[in-house]
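> Okay, predicted coordinates and the sequence, questions at the end:
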Amino acid sequence: MTKAILISLYTIFLLVNTLSAQSPSPLRVALPQFEVQNISIPDALLKAGQQSGVPIGIDATDPELWKKKVSVKRSGATLGEVLGQILAAEPGYTIAQDDGALLVRPALHPSRLLDTRIVAFQSVSSSAVGNSLKLWMTLVLQLDPSREGFAGIRHSSCLDDKLLPAADLSGKTVWEILDWIIGKHGAVAWVAVPFSGEVGKSSAQEDFWKLIPYPSCAASSRH
């Protein structure tokens with residue numbers, strides 16, 4: 001094992017333990033049983049979030065992150081311990097708490113799109129999906145003012161069942177706003193995906209990130 005990998009693993013260990021020491025901390029949530037076999041790192045992180053019920057945002061814009069497979073089997077572990085073990089397969093990623101959510105992102109080369117500061121953004125009393133779509137359109141227009149409009153069909157989901165509060169989020173980064181959205185909803189994750197096209201020609205929010213409801217969200221919509 002190289003010195004760089006050892007340093008990265010030690011950094012993750014310190015981050016997880018430092019965050020876990022905070023009270024209350026979502027990283028202390030217990031995962032009595034957790035097991036994944038040969039799946040991508042983003043999918044493993046997402047499963048940990050879904051199983052714990054903790055909203056999680058994942059900067060998975062590096063295509064290499066999807067190529068690496070992990071297998072993890074733990075009993076009686078905390079969410080922080082599980083996330084740390086998953087990320088041990090990809091040194092250089094950090095875990096942070098932000099606005100009621102957990103954020104996983106690369107320490108050295110985070111996504112420029114996600115780091116974009118949105119000049120003006122007002123959260124309306126709408127669903128997580130509605131605010132996410134508004135964020136995508138605002139981002140596209142800010143980076144490409146020549147864009148004339150948007151077209152498409154928005155499919156309803158269980159995320160429409162809960163309205164988020166109105167708030168002024170102007171000046172925050174894209175990832176900060178996404179963390180706010182999932183943190184306020186409480187049963188959803190966001191996963192940013194690789195994008196290499198022209199921002200102005202983006203046809204849907206899913207070109208940049210996806211909102212993924214947790215099982216509890218889907219279950220509540222059936223009652």
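Received the coordinates, thanks.

> so where do the strands sit in the chain?
Secondary structure of the chain by DSSP state E: the strands cover 30-40, 56-59, 69-78, 93-98, 101-106, 122-123, 167-168, 188-192, 209-213.

> List of residues touching the longest one?
So the one you mean is strand 30-40. 43-44, 47-48, 51-52, 65-79, 82 (C-beta atoms under 8 Å, 6 or more residues apart in numbering). Using the backbone N, CA and C atoms, a C-beta is placed for each residue, glycine as well.

> what do you get for the fifth one?
Outside of strand 101-106, the residues within contact range by C-beta under 8 Å, 6+ apart are 26-27, 45, 49, 54-59, 62, 83, 87, 92-97, 111, 114, 175, 179-180, 182-183.

> quick check, distance from it to the centre of its chain.
Put simply, strand 101-106 sits 6 Å off its chain's centre (C-alpha atoms, centre = their mean, to the nearest Å).

> measure stretch 166-174 end to end?
When the termini of stretch 166-174 are compared using C-alpha to C-alpha, to the nearest Å, they are 17 Å apart.

> Mind listing what's buried along it?
167, 169, 172-174 (16 or more other C-beta atoms under 10 Å).

> and the least confident of these?
Across the buried residues of stretch 166-174, the bottom pLDDT score, 94, is held by Ala167.

> For that one, which non-adjacent residue is spatially closest?
Once flanking residues are discounted, Ala167 sits nearest to Ser123: 4.4 Å by C-beta to C-beta, 6 or more residues apart in numbering.

> now swap in Ser146 and tell me
With C-beta to C-beta, 6+ apart as the criterion, Ser146 has its nearest non-adjacent residue at 6.4 Å, and that residue is Gly200.

> Next: Ser75.
Take Ser75 and drop its neighbours on the chain: the residue closest to it by C-beta to C-beta, 6+ apart is Gln33, 5.8 Å away.

> got it, and Arg74?
Excluding its sequence neighbours, the residue lying closest to Arg74 (C-beta to C-beta, 6+ apart) is Phe34, at 4.8 Å.

> thinking again about what came up before, same list, the buried residues of stretch 166-174, but as TSV with distance to Leu103 please.
Formatted as TSV, the buried residues of stretch 166-174 follow (distance: C-beta to C-beta, whole Å):
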residue	distance to Leu103
Ala167	18
Leu169	16
Lys172	13
Thr173	11
Val174	12
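
> Tell me the one among those residues nearest to Leu135.
Using C-beta to C-beta, Val174 comes nearest to Leu135 of the buried residues of stretch 166-174, at 6.7 Å.

> Report the contact partners of the closest one.
Taking C-beta under 8 Å, 6+ apart as the definition, contacts of Val174 comprise 113-116, 118, 135, 139.

> Filter the residues you listed down to just the buried residues.
Buried, going by 16+ other C-beta under 10 Å: 113-114, 118, 135, 139, out of these.

> now, among these, which is nearest to Pro213?
Closest approach to Pro213 among the buried ones among the contacts of Val174 (C-beta to C-beta): Leu135, at 17.3 Å.
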